[in-house]
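Asks: any chance you could fold what I've pasted below:
(one chain, ligands or ions: 1)
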Amino acid sequence: MEAFEDLIESNADYADGFAHGELSAPPRRNLAVVACMDARIDVYAVLGLEPGDAHVLRNAGARTTDDVVRSLIKSIHQLGVTRVAIVHHTDCGAAKIELDSLRERVTASTGHDPSDVDFHLIADEDQSIVDDVEALAASPYLPAGIAVAGFMYDVRTGRLDRRHATTVGSSTAAADLDR
Ligand code: ZN
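Replies: Take a look at the predicted model:
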């Protein structure tokens, strides 16, 4: 089978029954979700989302990377997003990667050591949620009032647990304004 044949066949069926052609681009629920790329997580089903509801950004570990910030700047400033949910999960590969062996594999098969790539590995699953929420909320490009929350999704039970939440500008920035 050609590498993408299965996808092309599936899409033919999807397009035959397509019913979302009238959707507009701004997320209807003013929501962006940052989730891990883990194949077990059906972000739409987990959060009860429909097409048109949210921006869904995914990367290894659901980390707050420069590229996540880049996308969210557009979400927030041009497309009406006012809340960002960061969804980490149990049994995450980003917490289990052995960096040395990964680098060895890449080097062995390509001849190039990815020493300049930041893999944003997770050292502590609980702390990483707090770190990613706080890193996003601390971005100078997010306006006051944006809600940011971090969640842990359990891949064994399907349950989501809210772990850490903040609102941009709610503490130090707001306090500064009062003086
Ligand atoms: Zn993961």
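Asks: let me see the contact set for Leu57.
Replies: Going by C-beta atoms under 8 Å, 6 or more residues apart in numbering, Leu57 touches Ala32, Val33, Val34, Ala35, Val68, Ser71, Leu72. Where you see a C-beta, it was placed from the backbone N, CA and C, and this is true even at glycine.
Asks: could you report the distance from the nearest residue to the fourth one once chain neighbours are set aside to the ion?
Replies: The shortest distance from Ala35 to any residue other than its chain neighbours is 4.3 Å, reached at Val87 (C-beta to C-beta, 6 or more residues apart in numbering). Val87 is 10 Å from the ion, where distance means C-beta to the ion, to the nearest Å.
Asks: and what of Leu79?
Replies: 26 Å.
Asks: for Thr65, same thing?
Replies: Thr65 is 14 Å from the ion, by C-beta to the ion.
Asks: how about Gly158?
Replies: 15 Å.
Asks: can you read off the pLDDT for that residue?
Replies: The model reports Gly158 with a pLDDT of 98.
Asks: what's the average pLDDT for the helix or strand hosting the residue nearest to Ala35?
Replies: Assessed by DSSP states H and E, Val87 sits inside strand 83-89. Across strand 83-89, pLDDT averages out at 98.
Asks: partner residues bridging the residue nearest to Ala35?
Replies: Ala35, Phe151 (DSSP bridges).
Asks: start to end distance for stretch 72-83?
Replies: For stretch 72-83, the first-to-last residue distance is 10 Å (C-alpha to C-alpha, to the nearest Å).
Asks: which other residues reach that stretch?
Replies: With C-beta under 8 Å, 6+ apart, stretch 72-83 has contacts from 25-27, 30-32, 55, 57, 84, 136, 141-143, 145-149.
Asks: Glu98 - how many residues pack around it?
Replies: 9 (other C-beta atoms under 10 Å).
Asks: look up how far the ion lies from it.
Replies: 15 Å.
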